[in-house]
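Enquirer: this one's sequence-less:
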């Protein structure tokens, strides 16, 4: 085999070795007045997601546009 073919094969193998990284960031929010069980569940979910971000509690009566604005301010893709 020629050197160019060997180098091409090695370059392809290096690209395959790179692990895919999830770049989606998810914002976790809770409404005011949640119980301690829900708070602990939210903490467990946050620990399972390496790409998650937490934010302060919001009012239950707020519109969905507020959640979208919070996602935008925290540079998150999902809310």
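Expert: Received the coordinates, thanks. From a predicted model like this one, the values you see are computed outputs, not experimental measurements.
Enquirer: In stretch 60-74, which residues are buried?
Expert: 70, 71 (16 or more other Cβ atoms under 10 Å). Where you see a C-beta, it was placed from the backbone N, CA and C, and this is true even at glycine.
Enquirer: Residue 51 against residue 45, yeah?
Expert: No: using Cβ atoms under 8 Å, residue 51 is not in contact with residue 45; the gap is 12.0 Å.
Enquirer: Need the residues touching each of those two.
Expert: Shared contacts of residue 51 and residue 45, defined by Cβ atoms under 8 Å, 6 or more residues apart in numbering, are absent.
Enquirer: Report how many residues lie close to residue 47.
Expert: Using other Cβ atoms under 10 Å, residue 47 has 9 neighbouring residues.
Enquirer: now do residue 26
Expert: Residues near residue 26, counting by other Cβ under 10 Å: 16.
Enquirer: do you know how far the closest residue to it other than its chain neighbours is from residue 31?
Expert: Nearest residue to residue 26, sequence neighbours excluded (Cβ to Cβ, 6 or more residues apart in numbering): residue 78, at 4.4 Å. As judged by Cβ to Cβ, to the nearest Å, residue 78 and residue 31 stand 18 Å apart.
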